[in-house]
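1. Model the structure of this input:
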Amino acid sequence: MSDSLIDRYTKRPATNVVPDDENAVPEDLGCFGWLRGVRDRALMLELRKADGHILAVGYAWIERIELVPEDGLTLHLPGRKIRIKGSGLNSDTGSSARLFDGLIRQRVPWVRESDRAEQLRQDHGPVTIESITWDE
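-> The predicted model follows:
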């Protein structure tokens, strides 16, 4: 009897849970990625500039996010501001995913600047990222 009581409090539960591979890979929505799983959350946000420069920031460090339609998105972090300028930053992409909503719910693992060709095409989709800038 004492063995079962000790086992009950000291044994770890079996971890036979298999992750769902469909939800493990973010969906590519053009200028940003989207995690589809109900419980999926990104730990960091990867910001990809067109010139290859990449900055990753932890979602835990983001204090607030502002959306001003004519100015774009501003992410406020301790000692740093990140600005994302573009169009359709809170537009529905057709799959019920919105960039601003995804950022505040930590469902967006990456955002990238649109290349010049995407910005000039009319069929590029509802979201276009013209520039991503941050304070050094």
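
2. Need the three-state assignment for the residue most central in space within the chain.
-> The chain has Val108 as the residue nearest its centroid, 1.6 Å off, counting by C-alpha atoms, centre = their mean. Look at Val108: counting by DSSP: H, G, I helix; E, B strand; the rest coil, its state is coil.

3. Spatially nearest residue to it (excluding sequence neighbours)?
-> In this structure, Val108 finds its nearest non-sequential neighbour in Gly102, 4.1 Å apart by C-beta to C-beta, 6 or more residues apart in numbering. For every residue, glycine as well, the C-beta is placed using N, CA and C.

4. For that neighbour, what are phi and psi?
-> Note on Gly102: backbone dihedrals following degrees, to the nearest 10 are phi -70, psi -40.

5. what about it, neighbour count?
-> Per other C-beta atoms under 10 Å, the neighbour tally for Gly102 reads 21.

6. Do I have it right that it meets Trp34?
-> Yes. At 6.0 Å, Gly102 and Trp34 qualify as touching, with contact defined as C-beta atoms under 8 Å.

7. shared neighbours of these two, which are they?
-> Listed as contacting both Gly102 and Trp34 by C-beta atoms under 8 Å, 6 or more residues apart in numbering are Val108.

8. check contacts around the residue nearest to Val108.
-> Residues in contact with Gly102, defined by C-beta under 8 Å, 6+ apart, are 32, 34, 108.

9. can you pull the contacts of the second one?
-> With contacts defined as C-beta under 8 Å, 6+ apart, Trp34 is in contact with 26-27, 95, 97, 102, 107-108.
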